[in-house]
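Student: Pasting a predicted model and its sequence here:
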Amino acid sequence: MAKLYFYYASMNAGKSTTMLQADFNYRERGMRTMLWTAELDTRSEGTVRSRIGLEAGAHLYAPETELWNEVYAAHNTEPLDCVLVDEAQFLTKAQVWQLARLADEAGIPVLCYGIRTDFQGELFPGSAALLGIADTLVELKAVCHCGRKASMNLRVDSKGKPIKQGEQTEIGGNDRYLALCRKHFSEALSG
């Protein structure tokens, strides 16, 4: 039976690397996959990229993308063995349910990878839906500068100072975000 999986972590935990490895494993066995990433992440340009240099082409999804229709049409043309979704925090609740339907009705395993919470410790909509309905939840680990598990994402300005307010989504990498344990995240915001 196919399942809906959610692999989640803070920034810099290797989510994209893990996704690209899973994709490689399927393809190495002669299986057909379909990769997706968020159009919102303008750094991607239709490519899933990891910080260690791995990359693969991907379809782009926006909030209005009907993932059930897009994936199921491709599956009917040539059967898919797995669907992999990067930046899953940017999925809508409806899209998460569409992905669940692909697992339940089309029998396609769906592996989603994303950040659980934003720079204020709030759940992203896609992550909240996945945490609620995914069959399997897997936390990937990142490390805080103190050596503890990093579970929070601190947004910083160009001088490295913590940012406490702003839009939930601001695209950036190591120049804008630090992965911290909850203790150091809280200390940074209270300082």
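Tutor: Perfect, I can see it now.

Student: do you know how far Leu84 is from Leu180?
Tutor: 28 Å (Cβ to Cβ, to the nearest Å). For glycine as for every other residue, the C-beta is placed from the backbone atoms N, C-alpha and C.

Student: how about Lys93, what does it touch?
Tutor: Pro125, Gly126, Ala128, Ala129 (Cβ atoms under 8 Å, 6 or more residues apart in numbering).

Student: Would you mind putting the CA coordinates of whichever strand or helix holds Ala103 into PDB?
Tutor: Element membership of Ala103 [criterion: DSSP states H and E] is helix 93-105. Extracted C-alpha coordinates of helix 93-105, given in PDB (Å, rounded to 0.1, in the frame of the first residue of the first chain):
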ATOM      1  CA  LYS A  93      -3.800  22.200   2.600                       C
ATOM      2  CA  ALA A  94      -5.800  21.200  -0.500                       C
ATOM      3  CA  GLN A  95      -2.600  20.200  -2.200                       C
ATOM      4  CA  VAL A  96      -1.600  18.000   0.700                       C
ATOM      5  CA  TRP A  97      -5.000  16.200   0.400                       C
ATOM      6  CA  GLN A  98      -4.400  15.800  -3.300                       C
ATOM      7  CA  LEU A  99      -1.100  14.100  -2.500                       C
ATOM      8  CA  ALA A 100      -2.800  11.900   0.000                       C
ATOM      9  CA  ARG A 101      -5.300  10.900  -2.700                       C
ATOM     10  CA  LEU A 102      -2.400  10.000  -5.000                       C
ATOM     11  CA  ALA A 103      -1.200   7.600  -2.400                       C
ATOM     12  CA  ASP A 104      -4.600   6.200  -1.500                       C
ATOM     13  CA  GLU A 105      -6.300   6.000  -4.800                       C
END
